[in-house]
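S.K.: how would this look folded up:
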Amino acid sequence: RFVAEFGWQGPPAWTTLRRAISDDPLTPESPGMLVHQKAIEGDVKLTRGLVPHLRVPQSMVDWHWAMSLNQARAVRTGVEWFRSLYPLCTGTILWQLNDCWPVVSWSIVDSDGRCKPAFYALRRAYADRLVTVQPSDAGLQVALVNDTPQPWSGTLSVSRRSYDGEVLAEEESEVSVAARSAARVEVPRSVAGPDDPGAELLLAELAGERGLWFFAEDRASALPAPRFSATVTPVDGGVQVRLTAQVLLRDLALLADRAHPDAVVDDMLATLLPGETVTWTVRGPTPLDPDRLLAPDVLRSANQLVQPSS
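M.R.: You can find the predicted model right below:
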């Protein structure tokens, strides 16, 4: 059994969008945008799918990021849920991989070959080994999915943490997942029950893999304005961007094409607790402007859609 042809719409990369549409002003409902949206009531559906999680942005730049992020989260949520149901569900077919023209659509690669944030979300959701926190009738569970030919075992740590990184409750257990299989572990009530849903999260970790659960939607949470330290170091064919979070950063992304149309980043959508670090490589024409790579419209996070950074 498998699930076929499901997905969620999102806009193409900003560079692709602006190459194809010259509306001035550019808005989600401007004439060119409407021509490049072929789903019945497509924009209505996008807004309806956004407002439970985030407020509707007031600028086109923020709208583009919010809808890109919501697409990434939607497909990631679906794939992780279906994978957690193994063996009831043993596969998924996502609609769709790519586009033949520049359009707001279900694709995860736009018509110019640029990967949307959803591409990176799915790459992680389809990893051979997956840790994901899922709801059940009995409460929260950690689903462990092992699609490798070797057993997967170790110490599973499940902790409830405040947004500033403090461990509020934690439990550990020894687990073993057979090859090509999946298992579920109940999250103890002491860990699963938040004192302040809008300022706490759940972190599950096994052998270097992790899954997160936020008790409140972003729009109802205390996500702070983004703060981080960063270095940009030249490497062959591009630069290496190293970011260290000073506050909780949720779904951090680097939209490289906004810095240069031909720039490509190797990963994105990292959630960092205070003090955690991520390193990404951006390939493209050199030299790439370090200040532009770290600009608020290039280096994005969910935090900006809750607490604007500028």
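S.K.: if I pick the spatially closest residue to residue 237 that is not a sequence neighbour, what's in contact with it?
M.R.: Excluding its sequence neighbours, the residue lying closest to residue 237 (Cβ to Cβ, 6 or more residues apart in numbering) is residue 283, at 5.2 Å. Using the backbone N, CA and C atoms, a C-beta is placed for each residue, glycine as well. Applying Cβ atoms under 8 Å, 6 or more residues apart in numbering, we find residue 283 in contact with 237, 238, 263, 264, 265, 266.
S.K.: ok, of the residues you listed, which come out buried?
M.R.: Those of the contacts of residue 283 that meet the buried threshold are 238, 263, 265, by 16 or more other Cβ atoms under 10 Å.
S.K.: who does the residue nearest to the first one when sequence neighbours are not counted bridge with?
M.R.: Take residue 238 and drop its neighbours on the chain: the residue closest to it by Cβ to Cβ, 6+ apart is residue 283, 4.1 Å away. Beta-bridge pairing for residue 283 (DSSP bridges): residue 238, residue 264.
S.K.: Quick check, pLDDT for residue 283.
M.R.: At residue 283, the predicted lDDT confidence score is 97.
S.K.: roughly how far apart are it and residue 220?
M.R.: As judged by Cβ to Cβ, to the nearest Å, residue 283 and residue 220 stand 38 Å apart.
S.K.: Now do the same contact list for the residue nearest to residue 21 when sequence neighbours are not counted.
M.R.: The shortest distance from residue 21 to any non-neighbouring residue, by Cβ to Cβ, 6+ apart, is to residue 32 (3.8 Å). Neighbour list for residue 32: 20, 21, 22, 23, 26 [criterion: Cβ under 8 Å, 6+ apart].
S.K.: so what's the residue most central in space within the chain up against?
M.R.: Nearest to the geometric centre of the chain sits residue 269, at 4.3 Å (Cα atoms, centre = their mean). Residue 269 sits next to 72, 117, 120, 121, 124, 251, 252, 253 when contact means Cβ under 8 Å, 6+ apart.
S.K.: of the residues you listed, closest to residue 229?
M.R.: If you rank those by distance to residue 229 using Cβ to Cβ, residue 252 comes first, at 13.2 Å.
S.K.: Distance from the host helix or strand of the closest one to the middle of the chain?
M.R.: Here residue 252, judged by DSSP states H and E, is contained in strand 249-254. Distance of strand 249-254 from its chain centroid, counting by Cα atoms, centre = their mean, to the nearest Å, is 8 Å.
S.K.: Which other helices and strands does that strand contact?
M.R.: Where contact means 3 or more Cβ pairs under 8 Å, 6 or more residues apart in numbering; DSSP states H and E, strand 249-254 is packed against helix 60-84, strand 238-245, strand 270-272, strand 277-283, strand 299-300.
S.K.: Just name the most buried of these.
M.R.: strand 299-300 (a mean of 26; mean count of other Cβ atoms under 10 Å).
S.K.: Identify all contacting residues around it.
M.R.: 65, 69, 230, 243, 252, 253, 254, 255, 293.
S.K.: from these, which single one is nearest residue 44?
M.R.: residue 69 (18.8 Å).
S.K.: what does the model give the closest one for pLDDT?
M.R.: Value for residue 69, per-residue pLDDT: 98.
S.K.: where do the strands sit along the stretch 1-150 of the chain?
M.R.: 3-6, 92-94, 129-136, 139-146 (DSSP state E, counting those that start in this stretch).
S.K.: Could you export the ones you listed to TSV, including columns for mean pLDDT, mean neighbour count and distance to residue 13?
M.R.: TSV is the format used below for those (pLDDT from 0 to 100; neighbours: other Cβ atoms under 10 Å; distance: least, Cβ to Cβ, whole Å):
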stretch	mean pLDDT	mean neighbour count	distance to residue 13
strand 3-6	93	12	23
strand 92-94	95	17	19
strand 129-136	97	18	27
strand 139-146	98	22	30
